[in-house]
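Novice: need the 3D shape of this:
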Amino acid sequence: WRGAAIPPEYGGIAEQLLTLDDLLGILRGAGRDLDLAIELKHPSPFGQQLEDELLENLMAEGWDPETSRVGNVTVTFMSFHPDAVRHLNDHVPAEYLCQLLDDVQAEDLKDSVFLGPLALGAVATLVRRAMHEGELLVAERRVGIAGPGVAYVRPHEGRVRRWLQDGMRLRVWTVDSPADVELCRELGVQEITTNRPAGVRRQLERAPAAGL
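Specialist: Sure thing, here's the model as predicted:
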C-alpha cells in the first residue's frame, strides 16, 4: 500500500517486485477459476513494445489468445491509452479488452503535473483528446469492457446507461464510498474496483446488486 512500511523480514525494496510469472504461479495454485486484469501504463518510451513483450510473456506461459486463458486464469487487458488498446485489438478478442476512461480537467492535473497554466492546459487538452478516442473505441465496440472512473460515471450517467443497455460490460474504478457503490448497483454495473473490498461486499450483500 502506498506509504506503508514494509516489515524488515520481507527484505529490501529491490526484493518486493512481484513479476508476472510469479503472480501467475500464485493464481494457478488457487485451485479455482480466477480473473486477472492487467493494466498497460503509458506514455512509455518503448511505444507498443510494452504490449508485445506482455503478450510474448503470456504466450510462453501457455496463454490461449482465443479464450485469453492461462490454465485457470482468464486475462483481461486495460489501458487509458487508445493506441495501446488498438494494438492489443489486433491480437486479443475485444471481449477481453477494457478502455479506461476519466473525466479530466486542467484543475485535476495541477497537483500531479508541475507545469505552468498554459502548459497545463495543453496537457489537459491532449488527455481529453485521448479520452475522446477511447470513447470512440467503446462506441465502435472495439472493446468489450468500458472502464470509467466513478468520477466519470456521475456526470455521464446517461451515457453509462446507454452502454449498459447496448450490452457493454462496465468496470468502474475506484468505488469506495457507500453512495458510489449504490450508484453502480442501481445502474447495473457488472464490475467495480475498490480500496475497501470487505465493506463494499457487506453493502452489496445487504442489497443484492443488479449487475455486481
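
Novice: partner residues bridging the residue most central in space within the chain?
Specialist: The structure's the chain has its C-alpha centroid closest to Met78; by C-alpha atoms, centre = their mean the separation is 4.8 Å. Beta bridges link Met78 to Glu39, Cys98 when assigned by DSSP bridges.

Novice: contacts only, for it.
Specialist: Ala37, Ile38, Glu39, Leu40, Leu97, Cys98, Gln99, Leu100, Ile145, Gly147, Arg171 (C-beta atoms under 8 Å, 6 or more residues apart in numbering). C-beta: built from backbone N, CA, C; applies to glycine.

Novice: what residues does stretch 185-200 touch?
Specialist: 145, 153, 157, 160-161, 164, 169-176, 181, 184, 204, 207, 209-212.

Novice: what about the residue nearest to the centre of the chain, distance to Gly11?
Specialist: 30 Å (C-beta to C-beta, to the nearest Å).

Novice: chain neighbours aside, what residue packs nearest to Tyr10?
Specialist: Nearest non-adjacent residue to Tyr10, counting by C-beta to C-beta, 6 or more residues apart in numbering: Gln16, 7.0 Å away.

Novice: ranking helices and strands of the protein by mean pLDDT, which lands last?
Specialist: Least confident helix or strand of the chain, by mean pLDDT, DSSP states H and E, is helix 106-109 with a mean of 50.

Novice: and the strands in the protein, which stretches?
Specialist: 34-39, 69-70, 73-79, 97-101, 145-148, 169-172, 191-192 (DSSP state E).

Novice: got CSV for the ones you listed, with mean pLDDT and distance to Pro45 too?
Specialist: Listed next are those as CSV, based on pLDDT from 0 to 100; distance: least, C-beta to C-beta, whole Å:
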stretch, mean pLDDT, distance to Pro45
strand 34-39, 98, 18
strand 69-70, 98, 28
strand 73-79, 98, 16
strand 97-101, 97, 21
strand 145-148, 98, 24
strand 169-172, 98, 28
strand 191-192, 96, 31
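
Novice: surely Arg69 touches Val75?
Specialist: Yes: counting by C-beta atoms under 8 Å, Arg69 touches Val75, with 7.2 Å between them.

Novice: between these two, which contacts overlap?
Specialist: Looking at what touches both Arg69 and Val75 (by C-beta under 8 Å, 6+ apart), the common residues are Trp63.

Novice: more neighbours: the two, which one.
Specialist: Shown here are Arg69 and Val75; by other C-beta atoms under 10 Å, Val75 has more neighbours (23 against 16).

Novice: list the contacts of that one.
Specialist: Asp35, Leu36, Ala37, Ile38, Leu58, Trp63, Ser68, Arg69, Tyr96.
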